[in-house]
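[1] return atomic coordinates for the entry below.
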Amino acid sequence: MSSRRKFLKKSIIIPSIMILPRHVLGGKGYTSPSDKLNIAGVGVRKWGMGSGNLSNCETENIVALCDVDHKLSAETFNKYPKAKVYKDFRVMLETQKDIDAVIVATPDHTHAIISMMSIKLGKHVFCQKPLTHTVYEARVITETARKYKVQTQMGNQGRSSEEIRRLKEWIDDGAIGPVRKVYAWTDRPVGGNPWDTFDAKAKPKEKLPIPKDLDWDLWLGPAKYRNYHPSYHPNSWRAWIDFGTGSMGDMGCHIIDPSFYALELGAPSEIQATSTHWIPEVESQTYPSASIVRMKFPKRGNHPELELTWSDGRILPPIPEEFKDTDKFTLSGAMIIGDKGKIIHDSHGASGLKIIPKEKMLSYKQPPKVIPRINGDWREGGA
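    The predicted model follows:
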């Protein structure tokens, strides 16, 4: 009988790594050694996405952990004492031959190089969103994964949700008629400066001592060298163009994705963008405090032309007339406007998905659930 690792060559990798029920191999509660994958994590600091991804893989063998900052990752290292510990992902991949799959949860600018090396060595990869730092990198990674015939996933967890499936079923059912306009927004970045922990007065160009447990050269990776500063690591790197992808890369891939899926959007035919100014002390090194991006999409099948407006930095869309006095927009969400109604998608709140006004939602006859559901977000892992 083929081992699970061999079986994976022809199947799909998912972050919780639940491919075959254990009882199939040896009775309920039995776990065969060959029924486990050897997982490596890159970017595993406490409270980070990587440590959370590893928690969802604990039914497997966590065999290797890699992070450039061993102080911030110490708790994760202690949690998996049998795993070998590294600072350089290249050393890990070149020397430890038993790794089957790699979880990548580092800052955006190193996603592509870690994923690329893993793929070329035949490792299956789960990479946190956004998949890469640039569009070019995403295209190269996609083609490389096809060439080496490995299984890959990106951690855009909302794609696994009940809400995104229900939204598409509503749209296909004609719940609000043809959709011609979508608004999507987030409150990020929050605060007066670009991203709330950045302090222009700190003058990031000044040279500060590098923490002893941090390998700063490895953290920079492919980026141009600059002196270490806490305005970059550990929490503020998303604000900087060299390292992050801004509010859209951080939250847009979650908030806009339901509309792309339900409305079958492809590449836009037109894009217009505007933004606030940059802070003088850092010139144009950071993403702006707020921006608006308007995208137009051509007709797709039965779907008419559509305009999607993205905004961040607490810029909200026009208040719909269907809102009551007590209604308000959530911090992050989307409003899908059809000829016969509107749908609000709350990306972070408990309300989830709803048609407005409330009376229309209550009277709407729900269509059948025709799209397969996933038993928990981490069993599929996202788009």
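[2] endpoints of stretch 316-325, how far apart?
    17 Å (C-alpha to C-alpha, to the nearest Å).
[3] residues of that stretch that come out buried?
    residue 317 (16 or more other C-beta atoms under 10 Å). (C-beta placed from N, C-alpha, C; glycine too.)
[4] who's in contact with it?
    183, 185, 309, 311, 329, 335, 337, 342, 356-358 (C-beta atoms under 8 Å, 6 or more residues apart in numbering).
[5] remind me which residues of the stretch 251-383 of the chain are low pLDDT?
    Applying pLDDT under 70 to the stretch 251-383 of the chain flags residues 278-283, 348-351, 375-383.
[6] which residues in it form helices?
    With DSSP state H, counting those that start in this stretch as the criterion, the stretch 251-383 of the chain has helices at 253-255, 257-262, 358-363.
[7] from the chain's centroid, how far away is the second one?
    In terms of C-alpha atoms, centre = their mean, to the nearest Å, the centre of helix 257-262 is found 15 Å from the chain centre.
[8] mind listing residues that contact the longest helix along the chain?
    With secondary structure taken from DSSP state H, the chain has its longest helix at helix 135-148. Helix 135-148 is contacted from outside by 111-112, 115-116, 119-120, 122, 125, 131-132, 152, using C-beta under 8 Å, 6+ apart.
[9] between those residues, which sits nearest residue 81?
    Using C-beta to C-beta, residue 125 comes nearest to residue 81 of those, at 24.9 Å.
[10] how far does the helix or strand containing that closest one sit from its chain's centre?
    When elements are assigned from DSSP states H and E, residue 125 belongs to strand 124-128. Remark: strand 124-128 is offset 11 Å from the chain centroid, using C-alpha atoms, centre = their mean.
[11] adjacent strands (with direction) for it?
    strand 101-104 (parallel), strand 152-155 (parallel) (DSSP bridges).
[12] what is the burial count for residue 135?
    9 (other C-beta atoms under 10 Å).
[13] typo on my end, residue 40
    28.
[14] for the residue lying closest to it once chain neighbours are set aside, give me its contacts.
    The shortest distance from residue 40 to any residue other than its chain neighbours is 3.8 Å, reached at residue 64 (C-beta to C-beta, 6 or more residues apart in numbering). Going by C-beta under 8 Å, 6+ apart, residue 64 touches 38-41, 83-86, 92, 96, 99.
[15] what does the pLDDT read for residue 64?
    Note on residue 64: pLDDT of 98.
[16] and it, helix, strand or coil?
    At residue 64, secondary structure determined by DSSP: H, G, I helix; E, B strand; the rest coil is strand.
[17] distance check, residue 228 against residue 168.
    46 Å (C-beta to C-beta, to the nearest Å).
[18] residue 164 contacts residue 257, doesn't it?
    Yes. Between residue 164 and residue 257 there is a contact under C-beta atoms under 8 Å: 7.3 Å.
[19] tell me which stretches of the stretch 1-150 of the chain form strands.
    With DSSP state E, counting those that start in this stretch as the criterion, the stretch 1-150 of the chain has strands at 38-42, 61-66, 84-86, 101-104, 124-128.
[20] tell me which of these sits most buried.
    Most buried of the strands of the stretch 1-150 of the chain, by mean neighbour count (mean count of other C-beta atoms under 10 Å): strand 101-104, with a mean of 28.
[21] save the helices of the stretch 251-383 of the chain as CSV, and put in distance to residue 174 too.
    Formatted as CSV, the helices of the stretch 251-383 of the chain follow (distance: least, C-beta to C-beta, whole Å):
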stretch, distance to residue 174
helix 253-255, 24
helix 257-262, 12
helix 358-363, 13
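[22] tell me which of the ones you listed lies nearest to residue 290.
    For the helices of the stretch 251-383 of the chain, the distance to residue 290 is smallest for helix 253-255, at 15.3 Å, taking C-beta to C-beta.
[23] do you know how far the nearest residue to residue 123 once chain neighbours are set aside is from residue 65?
    Excluding its sequence neighbours, the residue lying closest to residue 123 (C-beta to C-beta, 6+ apart) is residue 102, at 4.9 Å. To residue 65, residue 102 is 11 Å away according to C-beta to C-beta.
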